[in-house]
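S.K.: 3D, please:
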Amino acid sequence: MSLCKTQGQYTAKVARASHHQAITRDIGNSKALAKALGYEDDATASEMEADDDKNDQLFNLPECLLAIKDIKDKMLALVPEPYAFMEDVLSQYVKSLSDDGNGKGDILIIDTPKLKVEALLHCAIPMQDQIMDFCGVSAAESCAAESVLCYLNTMLGYLDDIQYFLNIEGITKLTVAHSMGELMYQKGIYI
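M.R.: Coordinates of the predicted model:
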């Protein structure tokens, strides 16, 4: 059975689509309310309408597929192999720890790749939604876009897992979890 055909993913996609429609409706209502209350001038309204037209033109199927391919290429350049990437991030963090054992390491070593993954994910979600609108849920194009999002979500989960240990549990519990193979990336958990 194809990854895209599972009931849970279909339900999540339907929920995401209805959420997107609700947000779009709310934005439209907000614009109308702002105009009625006099908070929006004509120049701003025409600029926003021009931006909306520009965004509509950007989302045709070939452009969406090209954007997903570009995101996939950036994703693979950032994280060619998840396990090795996470080991490298942890290694860099350990090297940033102070020698006295009481200091904290450089948290930016975790935050920087996390922000990059989040940025790619933020760009990929609207593209995936548009591809699903054009092709349907079970089309090969939708499955390809879904696999890019799954990879990005998995990497985000791995980084969040480490960040949780650093911020909540502490470096000692992170060390114990790592030595016992209990971190998400060590277990090979995919989201």
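S.K.: where does pLDDT dip in the protein?
M.R.: Along the chain, the parts satisfying pLDDT under 70 run over 1-59, 101-103.
S.K.: mind redoing it with 80?
M.R.: By pLDDT under 80, the weakly predicted segments of the chain are 1-59, 99-103.
S.K.: ok, which stretches of it are helices?
M.R.: Here the chain has its helices, by DSSP state H, at 7-37, 42-58, 61-78, 82-96, 108-135, 140-164, 171-179, 184-187.
S.K.: now do the fifth one and helix 140-164, the angle between them.
M.R.: Spelled out, it's helix 108-135. 160 degrees (axes from the mean of the first three to the mean of the last three C-alpha atoms, to 10 degrees).
S.K.: in helix 108-135, what's buried?
M.R.: 109-110, 113-114, 116-117, 120-121, 124, 127-132, 134-135 (16 or more other C-beta atoms under 10 Å). From N, CA and C alone the C-beta is placed, and that goes for glycine too.
S.K.: how about stretch 178-189?
M.R.: So for stretch 178-189, counting by 16+ other C-beta under 10 Å, buried means His178, Leu183, Met184, Tyr185, Gln186.
S.K.: identify the farthest-apart pair in those.
M.R.: Greatest spacing in those, by C-beta to C-beta: His178 and Met184 (11.3 Å).
S.K.: what touches both of those two?
M.R.: Common contact partners of His178 and Met184 (C-beta atoms under 8 Å, 6 or more residues apart in numbering): none.
S.K.: rewinding a little: which among the buried residues of stretch 178-189 gets closest to Met75?
M.R.: Nearest member of the buried residues of stretch 178-189 to Met75, counting by C-beta to C-beta, is Tyr185, at 15.7 Å.
S.K.: how about that closest one, what does it touch?
M.R.: Pro82, Tyr83, Met86, Tyr158, Asp161.
S.K.: mind checking how far the first one is from Asp129?
M.R.: Spelled out, that is Pro82. 25 Å (C-beta to C-beta, to the nearest Å).
S.K.: same check, this time on the last one
M.R.: Noted for Asp161: a distance of 27 Å to Asp129, by C-beta to C-beta.
S.K.: now stretch 131-147: buried residues?
M.R.: Result for stretch 131-147 [16+ other C-beta under 10 Å]: buried residues Ile131, Met132, Phe134, Cys135, Val137, Glu141, Ser142, Cys143, Ala144, Ala145, Glu146.
S.K.: okay then, goodbye and thanks.
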